[in-house]
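S.K.: Structural data only, the sequence is not supplied:
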Ligand SMILES: Nc1nc2c(c(=O)[nH]1)N(C=O)[C@@H](CNc1ccc(C(=O)N[C@@H](CCC(=O)O)C(=O)O)cc1)CN2
Ligand SMILES: Nc1nc2c(ncn2[C@@H]2O[C@H](COP(=O)(O)OP(=O)(O)OP(=O)(O)O)[C@@H](O)[C@H]2O)c(=O)[nH]1
Ligand SMILES: [Mg+2]
């Protein structure tokens, strides 16, 4: 690691805007000397107590007071980053915060990069990588459920789980290496059946982890729900009804929605991204065609499709309709709209369809219940478990599963101690990458780039 990677850094820790207070953090070896230049305090600056907040005055280069602040010193290694660190709580004024950052930089600080405080905490051994990554998940959690899983990981549960997998594999490795190192006379013959069984047990657990993780990643990103169907069927009206606000433009002109719009909402504790799309029709103009092309792209990433059409109309765009109905990766809801225009008793109801009026808000509760059932089907887990919550960890978990499956195959076909030992070693290394014990600078940067500045 180059020395300049440990410059003294500063950044606002709170969001920009008028508020009661704002917190600025400074971390690195020069923290105390830099902060002493912009602070007036009734005490000996070098004698400040660890973690004891003190009232102080922020001053500029002309000794003019900028703000009355609270200052909390942390002496390394007993700080969040493991370095000397000071937190300055100013009044929540963007002007004061900007001025303070400016002064800190003039006196030798550098503005922190994304996630740099947490990255330093990791590098200095204050937390492991899985814990560091879970901090992003805590910050970004949109629902209670995601927050509870993220917090579990922050508290170290995921790391414990991964360590158990690691330990099991290491036990096997030890046995195999004994057989390799000593003559057959001294050690028992390798019990391949037992080794295979043990790996298969681990694979089963990892497969469950992957399945659960995929569900929760859906929830984290927001379950993608599309409103699809022919032009003028009332998709934008339904979008507004669900959101309970006039978000999308509605008109009697077919082809009103050109580009899709999306909104995030929480439905009974589930994070959902709802998309209103350009209506599908054949004789669309140039601009509308672009919108329809985008609609098709959305279909590729959709979790749930609500196909909306008017009652008493023929099914158009049959291709899209049957694709949605038959694609097993998309949950499908067929909804018939504008029933307010018809006599209730004369409507011929079909079981697999939901009959609504988006405009007069008829049967919207039923639609929402059916939607909720679909969402729960996609995201529910049998029991509360510890799960991987980000794509990087999930990718490696899938690699781990594949690698172990390969090992099982080899045990069946070519059970040689050397070969199997090497493969188990490989699996252990994958776990080490997940846990950040074996990781390159570039991988680290990719991880911490996802943080915000000041975290
Ligand atoms: N004001 C403030 N609030 C915060 C944070 C922070 O950095 N500052 N945190 C930031 O994410 C979270 C809390 N996590 C923290 C974790 C460790 C330490 C810390 O200073 N640990 C030292 C000191 C221990 C001691 O002396 O008692 C250590 O572990 O050595 C601080 C906050 C959320 N709230
Ligand atoms: N009577 C009645 N009219 C409705 C209902 N829902 C929508 N409409 C009307 O149907 C017309 C089209 O509605 P939109 O919501 O713009 O339809 P859309 O599916 O978004 O249309 P495009 O964006 O062009 O694809 C408007 O005049 C709406 O007021 C309904 O439940 N009943
Ligand atoms: Mg529309």
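M.R.: Structure's in. What do you need? Please read all numbers here as calculations on a predicted model, not as lab measurements. Residues are numbered from 1 along each chain as shown. Ligands and ions are numbered 1, 2, ... in the order given.

S.K.: contacts and neighbour counts: CA atoms only from here.
M.R.: Fine.

S.K.: got a list of what the closest residue to ligand 2 within the stretch 1-150 of the chain touches?
M.R.: Going by C-alpha to the nearest ligand atom, ligand 2 is nearest to residue 142 of the stretch 1-150 of the chain, at 27.8 Å. If you count contacts by C-alpha atoms under 8 Å, 6 or more residues apart in numbering, residue 142 has them with 220, 271.

S.K.: Next one: it, what pLDDT does it get?
M.R.: Residue 142 carries a pLDDT score of 88 in this model.

S.K.: any idea how far residue 15 is from whichever residue of the stretch 51-200 of the chain sits closest to ligand 3?
M.R.: The nearest approach of the stretch 51-200 of the chain to ligand 3 comes at residue 142, 27.3 Å away (C-alpha to the ion). Noted for residue 142: a distance of 17 Å to residue 15, by C-alpha to C-alpha, to the nearest Å.

S.K.: quick one: buried residues of stretch 94-111?
M.R.: Across stretch 94-111, burial judged by 16 or more other C-alpha atoms under 10 Å covers 94, 96-97, 100-101, 103-105, 107-111.

S.K.: Now flag whichever of those is closest to residue 304.
M.R.: Lowest distance from residue 304 to the buried residues of stretch 94-111 (C-alpha to C-alpha) belongs to residue 94, with 42.1 Å.

S.K.: residues in contact with that closest one?
M.R.: Residue 94 neighbours (C-alpha under 8 Å, 6+ apart): 16-18.

S.K.: Quick check on it: phi, psi?
M.R.: Dihedral pair for residue 94: phi -60, psi -30, per degrees, to the nearest 10.

S.K.: any idea how far it is from residue 81?
M.R.: 25 Å.

S.K.: and what of residue 321?
M.R.: 54 Å.

S.K.: now swap in residue 116 and tell me
M.R.: From residue 116 to residue 81 the distance is 9 Å (C-alpha to C-alpha).

S.K.: try residue 251
M.R.: 56 Å.

S.K.: More neighbours: these two, which one.
M.R.: residue 81 (24 against 13; other C-alpha atoms under 10 Å).

S.K.: Does the residue nearest to that one when sequence neighbours are not counted lie in a helix or a strand, and which?
M.R.: Closest residue to residue 81 apart from its sequence neighbours, by C-alpha to C-alpha, 6 or more residues apart in numbering: residue 121 at 3.9 Å. Assigning secondary structure by DSSP states H and E places residue 121 in helix 116-123.

S.K.: anything in that helix near ligand 1?
M.R.: No: Helix 116-123 stays clear of ligand 1 (C-alpha under 6 Å from any ligand atom), getting no nearer than 7.6 Å.

S.K.: For that helix, enumerate the helices and strands it packs against.
M.R.: Counting contacts by 3 or more C-alpha pairs under 8 Å, 6 or more residues apart in numbering; DSSP states H and E, helix 116-123 packs against helix 129-140, helix 441-448.

S.K.: Buried residues in the one helix or strand in the chain whose mean pLDDT sits lowest, which are they?
M.R.: Taking mean pLDDT, DSSP states H and E as the measure, the chain has helix 286-301 as its least confident helix or strand, at a mean of 82. Within helix 286-301, the residues that count as buried by 16+ other C-alpha under 10 Å are 288-289, 291-292, 294-296, 298-299.

S.K.: contact partners of that helix?
M.R.: 224, 226, 255, 258-260, 277-280, 305.

S.K.: Kindly reformat those residues as TSV containing distance to ligand 2 and neighbour count.
M.R.: Putting the contacts of helix 286-301 into TSV (distance: C-alpha to the nearest ligand atom, whole Å; neighbours: other C-alpha atoms under 10 Å) gives the following:
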residue	distance to ligand 2	neighbour count
224	18	23
226	12	26
255	3	21
258	7	18
259	9	18
260	9	19
277	7	27
278	5	31
279	3	29
280	7	25
305	14	24
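
S.K.: Same list, those residues, but as TSV with distance to residue 409 please.
M.R.: Listed next are those as TSV, based on distance: C-alpha to C-alpha, whole Å:
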residue	distance to residue 409
224	38
226	42
255	56
258	52
259	50
260	48
277	47
278	49
279	50
280	49
305	40
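
S.K.: Most widely separated two among the residues you listed?
M.R.: Pairwise over those, using C-alpha to C-alpha, the maximum falls at 224 and 255, 22.6 Å.

S.K.: Can you pull the domain assignment for this structure?
M.R.: Per the record, the chain has its domains at 9-127, 138-218+387-436, 222-379, by automatic domain parsing.

S.K.: I figured residue 263 was touching residue 273, is that so?
M.R.: Yes: shown here, residue 263 and residue 273 form a contact pair, counting by C-alpha atoms under 8 Å, at 5.7 Å.

S.K.: For the two, indicate the residue with more neighbours.
M.R.: The neighbour comparison of residue 263 against residue 273 (other C-alpha under 10 Å) goes to residue 273, with 19 against 12.

S.K.: Can you check my assumption that the more buried one lies in a strand?
M.R.: Yes: looking at residue 273 with DSSP: H, G, I helix; E, B strand; the rest coil, it is inside a strand.

S.K.: Distance of it relative to ligand 3?
M.R.: Look at residue 273 and ligand 3: by C-alpha to the ion, to the nearest Å, they are 17 Å apart.

S.K.: Could you number the chain from 3 rather than 1 from now on?
M.R.: Yes, from this point I'll number from 3; that puts the last item at residue 275.

S.K.: Quickly list what that residue is bridged to.
M.R.: Assessed by DSSP bridges, residue 275 has beta-bridge partners residue 226, residue 266.

S.K.: from memory it sits against residue 229, does it?
M.R.: No: counting by C-alpha under 8 Å, residue 275 does not reach residue 229; the two are 10.9 Å apart.

S.K.: From the contact counts, what lies against whichever helix or strand residue 239 is part of?
M.R.: Assigned by DSSP H and E, residue 239 falls within helix 237-245. Using 3+ C-alpha pairs under 8 Å, 6+ apart, the elements in contact with helix 237-245 are strand 225-230, strand 272-278.

S.K.: let's go with 10 Å and repeat that
M.R.: strand 225-230, strand 263-269, strand 272-278, strand 306-312, helix 366-381 (3 or more C-alpha pairs under 10 Å, 6 or more residues apart in numbering; DSSP states H and E).

S.K.: okay if I get the ones you listed as TSV plus mean pLDDT?
M.R.: Below are the helices and strands packed on helix 237-245 laid out as TSV (pLDDT from 0 to 100):
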stretch	mean pLDDT
strand 225-230	96
strand 263-269	93
strand 272-278	95
strand 306-312	96
helix 366-381	96
